[in-house]
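1. Sequence and predicted model, in that order:
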Amino acid sequence: MFALVDVNNFYVSCERVFNPHLENRPVVVLSNNDGCAVARSNEVKALGVKMGAPWFQMQELEKQHGIVALSSNYALYADMSSRVVSILRDYSPNVEVYSIDESFLGLNGLHSLWPSFASMGQSIRQRVLQWTGLPVCVGIGPSKTLAKLANHIAKKNSRFNGVCDLAAMNPAEIDALLAGIEVGEVWGVGGRINAHLQAAGIWTVKDLRDAPLTWLRSRFGVVMERTGNELHGISCLDLEKIAPPKKQIVSCRSFGQAVHALPDLSEAVASHASHAAEKLRRQDGVCSAIHIFIHTNPFREQDPRYSNSIVIPLPNASADTRLLVRAALFGLKKIYKPGYAYIKAGVMLMGIGEAQVAQASLLLKHGAGQRSEDLMKAMDALNRRYGRHTVSVFASAAVKSWAMRRENMSPCYTTRWSDVPLAHAR
Amino acid sequence: MTTIIPFIPRSTSAALPHLQPAAASPAVCRVPLLRHRIPAGFPSPADGYVESALDLNTYLVRNKTATFFFRVIGDSMTGANIHDGDMLVVDRSIEPKHGHIVLAVINNEYTVKRLHSMNGVIELHAENPAYSPICFQEHDELQVWGVVTGAVSRFAV
């Protein structure tokens, strides 16, 4: 048995905990560079603003309805997320943190602790709200896919009071609920498969559950057959308690404003390479090639457009920022052309393996070995302790014209002494 | 289109890579046999009594998950030894009761006051005679954000 606990409108809810002015007002949180909506309050959803809607399209609504738009404050969201997860770990020894606002709980063996799993769900809801101020919904089911559906049901139907246990319902009730949900809501049914399913006459979750498994397998493959099994309550997906190491690491971002000159681009690419290298070391990995890409705005047809990318294989597997930055800048020089307005640059690390099994070589290695490891450890420790960019490779004091635009970011209430909220005594 | 170009760092790109010398005659390395005295008779009487150093977090914070910090602005709570600029420790997991110092939301602002809840009458009291209490009528709603469990001051030195 599984539960899925999901924070309602997570980013907006985090902002509301520390800013009472946002209560009952339409609030959106914007993506990096304040580009588009990545979280919406219920009031904003009611105005018809879709997920991912570009902010400039909302500005009319902003004037009419006083929408408050905030830049994303990841430091705050990460802290609040870890608080929620630590509460959930009191309820089950088996927790899979699925995303920043969603966690699966394994419930096997826990039923005797509670009158019902629904009552456990209510206790979770109450405690998370009391301790952190965040509203959550809990979905319970015999498989992860059903737990996720139950969560969706709990969120959409107020009569469930935030907790839906599909395992405790009678078949007729479940049928009625599943017949009312579009098949696209099922975990893992993406846009393209959704279209194919609809073409085959499968519109609702109930349709999908009642489709013959052999047909699902021959038509859509084993993954869809597994989803069919999961919808029947046969658990095929276990909890993943440790996130599998990433096979690729990407670091890229659109620029706050277009960038023209090589030095500016170099600085951005070096910064992305450093960031990616840090992530790589965090999972004890090494990579064997780095992919660098730059492009202009593909939608501005009136301007000259250019995009290019290059893969630079490394002389040996490494996680050394110095080597990766040099390789990235070497690649950037090969693809850079002057006279264009670049809006995005990034790097992707490829051929990722574990540091321990990296091939030994008789030849002198670049960015590998004890000295490199020690230096990188020291660098990471300094940056963790004194803040990012304390020590960096290829940094310049110049104003970072390419830095992320975050004009409306709330304070880091829980992670910086200078930013803690004020308590008035008057 | 993605091109692939092999990359060799410049320092060695012209010449063959350096081979590290084989360690045929490794340098003599002195290993100190006795770095510190080992008591021959009794083991140290302190063994088994080693404790970790005191940590103010454990003194001030009972429930880390539910604890948040706020900075005090104003002087209405000086009678409770809460001063302008102090750091407040606020625990959301504690049920607010009569006599607790609480963080309440008043007019969309966080306000620190002492909670009075007697015989159905709910009031928020300042700890400074210059400020009058806030009284709540039957249909008013008092929103308590958390219970204040401590205040920390730092002095200029």
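-> Arrived safely. Numbering: from 1, shown residues only, chains lettered A, B, ... in the order given.
2. Residue A:239 contacts residue A:104, correct?
-> Yes - judged on Cβ atoms under 8 Å, residue A:239 makes contact with residue A:104 at a distance of 5.7 Å. Placement of C-beta: from N, CA and C, glycine included.
3. shared neighbours of the two, anything?
-> Common neighbours of residue A:239 and residue A:104 (criterion: Cβ atoms under 8 Å, 6 or more residues apart in numbering or on different chains): A:2, A:95, A:96, A:144.
4. which of these lies closest to residue A:137?
-> Minimum distance to residue A:137 across the shared contacts of residue A:239 and residue A:104 is 14.4 Å, recorded for residue A:2 (Cβ to Cβ).
5. residues near that closest one, how many?
-> Using other Cβ atoms under 10 Å in any protein chain shown, residue A:2 has 27 other residues around it.
6. Also the one 4 residues further on?
-> Other residues near residue A:6 number 20, with proximity taken as other Cβ under 10 Å.
7. do the same with residue A:65
-> Counted with other Cβ under 10 Å, residues neighbouring residue A:65 total 16.
8. wouldn't it be in contact with residue A:49 here?
-> No - judged on Cβ under 8 Å, residue A:65 makes no contact with residue A:49 at a distance of 9.8 Å.
9. Show me which pair in the shared contacts of residue A:239 and residue A:104 is furthest apart.
-> A:95 and A:144, at 12.8 Å, using Cβ to Cβ across those.
10. what residues do the two have in common as contacts?
-> Taking Cβ under 8 Å, 6+ apart as the contact rule, residue A:95 and residue A:144 both touch A:104, A:239.
11. of these two, who's got more company?
-> Using other Cβ under 10 Å, the more surrounded residue of residue A:95 and residue A:144 is residue A:144, with 25 against 20.
12. Check the secondary structure at the closest residue to the more buried one other than its chain neighbours for me.
-> Spatially, and ignoring its direct neighbours in sequence, residue A:144 is nearest to residue A:237 (4.8 Å; Cβ to Cβ, 6 or more residues apart in numbering or on different chains). Reduced to three states with DSSP: H, G, I helix; E, B strand; the rest coil, the structure at residue A:237 is coil.
13. cool, residue B:146 as well?
-> Residue B:146 - assigned by three-state DSSP - is strand.
14. That one: neighbour count?
-> Neighbours around residue B:146, by other Cβ under 10 Å: 26.
15. In this structure residue A:166 contacts residue A:148, no?
-> No - with contacts counted by Cβ under 8 Å, residue A:166 stays clear of residue A:148, the gap being 10.4 Å.
16. Return every residue with contacts to both of those two.
-> By Cβ under 8 Å, 6+ apart, the residues touching both residue A:166 and residue A:148 are A:139, A:141.
17. Residue A:256 falls within a helix, correct?
-> No - Residue A:256 sits outside any helix when classified using three-state DSSP, being strand.
18. mind checking how far it is from chain B?
-> 27 Å (Cβ to the nearest Cβ, to the nearest Å).
19. What about that residue, how many residues nearby?
-> Residue A:256 has 18 nearby residues by other Cβ under 10 Å.
20. same deal with residue A:232?
-> Residues near residue A:232, counting by other Cβ under 10 Å: 14.
21. element containing the nearest residue to it once chain neighbours are set aside, please.
-> With Cβ to Cβ, 6+ apart as the measure, residue A:209 is the residue that lies nearest to residue A:232, at 6.5 Å, once sequence neighbours are left out. Element membership of residue A:209 [criterion: DSSP states H and E] is helix A:205-210.
22. Nice, that's everything, thank you.
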